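Asks: Sequence and predicted structure, then a few things I'm wondering about:
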Amino acid sequence: MWRGLYTAASGMITEMKRTDTLANNLANANTAGYKRDEAINREFEPMLIRRINDGTDRGNVTTFKQFHVGDNLPRVGTLGLGSYIDEIATDHSQGGFQTTGNPLDLGISGDGYFAIDTPQGVRYTRNGSFFRSSRGEVQTINGQRVRSVGGGPINIPGNAIMLNVTPEGEISGIIDGERQVFGRFALVSFGPDPRAVLKQGDSLYYPQEGAQPQPATGTIEQGVLEQSNTQVVSEMVSLINNYRVYEAGSKAVTTQDSLLDKAVNEVAQVSG
């Protein structure tokens with residue numbers, strides 16, 4: 001009975017963590033560049049069950065015309081011992097584009113990340129909602145500097161008009177009637193392995209140890225933002241299903257607790 005209690009409780013803990021993941025996806029359904037997470041659960045190693053008394057008595061029911069099971073006790077089956085969250089995997093599939101008309105709103109079509117300078121070092125993002133700071137530098141909404149191909153900032157003079165960003169990331173504008181190039185956005189990739197970058201928060205990613213940035217194959221779309229790839233209806237259905245599974249685990253814990261109560265207070269009671 002103790003094992004059943006622990007098994008049901010582990011399932012409830014698993015569903016609690018899955019609920020947190022689904023809730024975070026829904027909370028970021030309107031966050032530009034957000035990639036949904038999925039909780040991947042794994043079962044604890046199941047236990048093989050055998051009939052323990054067979055094979056010890058040659059005259060029992062397993063003996064028939066000199067046949068008996070011997071030392072190989074008959075298998076009843078396997079007993080599950082619960083589950084746990086093995087990994088929070090990120091779905092890096094492409095999100096849809098929303099037109100904003102802002103020349104510094106950039107969406108990445110295909111593979112790639114923008115490089116951002118942060119206090120923790122270089123980080124990467126798919127959120128291309130950028131602004132021009134008072135010093136002329138292109139920054140994120142959190143005031144973090146966007147890196148150019150050379151690693152430096154991208155400076156836009158205050159009198160620049162008609163900004164244009166090419167699919168390769170080159171940004172230019174017109175100053176005094178002439179078009180000038182101000183820099184080129186660093187667009188990097190980490191290969192086909194989706195686990196090469198991990199989430200840090202605020203739409204930022206950091207590379208796993210050993211992962212090296214390389215030129216990306218994606219292109220940049222100007223005046224649009226990549227939306228979250230979260231499907232609200234799908235996440236809500238998963239959330240309802242998750243609640244039902246959690247509720248079933250809760251009832252199993254209640255049942256196991258009731259059985260333990262009877263075992264202690266009724267079955268084990270000594271008559272005087």
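Replies: Looks like it came in fine.

Asks: Averaged pLDDT, stretch 7-25. What do you get?
Replies: In this model, stretch 7-25 carries a mean pLDDT of 93.

Asks: err, stretch 42-56, not the other one
Replies: Per-residue scores along stretch 42-56 average to 70.

Asks: Same check on stretch 130-149?
Replies: 94.

Asks: so G128 touches Y113, yeah?
Replies: No: using Cβ atoms under 8 Å, G128 is not in contact with Y113, being 10.0 Å away. Quick note: C-beta positions are derived from backbone N, CA and C, even for glycine.

Asks: For the helix or strand hosting E87, buried residues please.
Replies: Using DSSP states H and E, the element containing E87 is strand 83-90. Buried positions in strand 83-90, judged by neighbour count with 16 or more other Cβ atoms under 10 Å: 83, 85, 88, 90.

Asks: how close does the second one sit to T100?
Replies: It stands for I85. From I85 over to T100 the distance is 36 Å, taken as Cβ to Cβ, to the nearest Å.

Asks: before we move on, the earlier item: I'd like to know which elements the strand holding E87 is packed against.
Replies: helix 2-27, strand 37-43 (3 or more Cβ pairs under 8 Å, 6 or more residues apart in numbering; DSSP states H and E).

Asks: deepest of the ones you listed, which one?
Replies: When these are scored by mean count of other Cβ atoms under 10 Å, the highest mean neighbour count falls to helix 2-27 (a mean of 17).

Asks: which strands and helices sit next to it?
Replies: Contacting helix 2-27 under the criterion 3+ Cβ pairs under 8 Å, 6+ apart are the following elements: strand 37-43, strand 83-90, helix 232-262.

Asks: Those: which one's closest to N25?
Replies: helix 232-262 (5.2 Å; Cβ to Cβ).

Asks: If you count neighbours, what's buried in that closest one?
Replies: 235, 238-239, 242, 246, 249, 252-253, 256.

Asks: same thing with stretch 89-97?
Replies: Here stretch 89-97 shows 90, 94-95 as buried, counting by 16+ other Cβ under 10 Å.

Asks: what do you get for stretch 126-139?
Replies: Those would be 126-130, 132, 137-139, for stretch 126-139 by 16+ other Cβ under 10 Å.

Asks: How about stretch 188-196?
Replies: 188-190, 196.

Asks: hmm, back to that, closest to Y34 among the buried residues of strand 83-90?
Replies: So of the buried residues of strand 83-90, ranked by how close each gets to Y34 (Cβ to Cβ), first place is T90, at 9.9 Å.

Asks: check contacts around the closest one.
Replies: Applying Cβ atoms under 8 Å, 6 or more residues apart in numbering to T90 gives the contacts 35-38, 194, 199.

Asks: Give me the subset of the buried residues of stretch 188-196 lying in strands.
Replies: 188-189 (DSSP state E).

Asks: now the buried residues of stretch 188-196 as TSV including pLDDT?
Replies: Output for the buried residues of stretch 188-196, formatted as TSV (pLDDT from 0 to 100):
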residue	pLDDT
V188	96
S189	95
F190	93
A196	92
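
Asks: The stretch 51-200 of the chain: strands as residue ranges?
Replies: Applying DSSP state E, counting those that start in this stretch to the stretch 51-200 of the chain gives strands spanning 75-79, 83-90, 97-99, 106-109, 113-118, 121-125, 131-132, 138-139, 161-165, 170-175, 178-184, 187-189, 197-201.

Asks: Of all these, which one comes closest to R3?
Replies: strand 75-79 (7.8 Å).

Asks: May I have the closest one as PDB, with CA atoms only?
Replies: Extracted as PDB, the C-alpha positions of strand 75-79 are listed here (Å, rounded to 0.1, in the frame of the first residue of the first chain):
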ATOM      1  CA  ARG A  75       5.700 -14.200 -13.800                       C
ATOM      2  CA  VAL A  76       2.600 -12.200 -12.900                       C
ATOM      3  CA  GLY A  77       3.600  -9.100 -14.800                       C
ATOM      4  CA  THR A  78       5.200  -5.700 -14.200                       C
ATOM      5  CA  LEU A  79       4.300  -3.100 -11.700                       C
END
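
Asks: outside of it, which residues touch it?
Replies: Under the criterion Cβ under 8 Å, 6+ apart, residues 3, 46-51 lie in contact with strand 75-79.
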